[in-house]
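> I need the structure of the sequence given here:
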Amino acid sequence: MISFEEFILDDDSPIYMQIIRYIKQRIAAGSIEDQEEVPSRRALSALLGVNPNTIQKAYHMLEEEGIIVSRSGAKSFTCVRADTVERIRWELTVSSTLQWVKTMKQLGVGREEAWELFEKMWEER
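Alright, predicted model coming up:
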């Protein structure tokens, strides 16, 4: 079953989007595989201390993307194929990179300085 032990709520985005991002990040990292059981809406709602409708919204959006499969009255499971993993990895990479570029520009950091910072951080981490 998918674990939410490492999930940390923040104030930067809606909770349902944070849940979606968490699941996608874990899929991209290989921590969530195909046919893993997804916690029930009630169980995850209680665990995170959020409204069940919030969990329902996140799950519904994941279902629309084909990332989880739910059947009425039955458990939900992930549906993670190789092409799904690559799509999610690309989506998250582009999104994070665009956010980083936006932040650098807002701070007045030039392209060369930003690239030097990137290379330094890459080597240190």
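
> Quick check, pLDDT for residue 70.
pLDDT, residue 70: 87.

> Give me the phi and psi for the residue nearest to it when sequence neighbours are not counted.
Distances taken as C-beta to C-beta, 6 or more residues apart in numbering put residue 76 closest to residue 70, at 4.1 Å, once the chain neighbours are dropped. Every residue, glycine included, has its C-beta placed from N, CA and C. Main-chain dihedrals, residue 76, degrees, to the nearest 10: phi -100, psi 150.

> List the contacts of residue 76.
Counting by C-beta atoms under 8 Å, 6 or more residues apart in numbering, residue 76 makes contact with 37-38, 40, 59, 68-70.

> Let's see the PyMOL selection covering just the buried ones among these.
Selection of buried members from these for PyMOL, criterion 16 or more other C-beta atoms under 10 Å:
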select buried, resi 38+40+59+68+70
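
> what's the most distant pair in the contacts of residue 76?
Greatest spatial distance in these: 40 and 69, 14.2 Å, computed using C-beta to C-beta.

> Tabulate the contacts of residue 76 (TSV), appending secondary structure and distance to residue 16.
TSV is the format used below for the contacts of residue 76 (DSSP: H, G, I helix; E, B strand; the rest coil; distance: C-beta to C-beta, whole Å):
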residue	secondary structure	distance to residue 16
37	strand	20
38	strand	14
40	coil	16
59	helix	9
68	strand	14
69	strand	18
70	coil	15
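
> from the contacts of residue 76, which single one is nearest residue 85?
residue 68 (14.2 Å).

> To what extent is the residue lying closest to the closest one once chain neighbours are set aside buried, counted in neighbours?
Excluding the flanking residues, the one nearest residue 68 by C-beta to C-beta, 6+ apart is residue 62, at 4.6 Å. Residues near residue 62, counting by other C-beta atoms under 10 Å, number 22.
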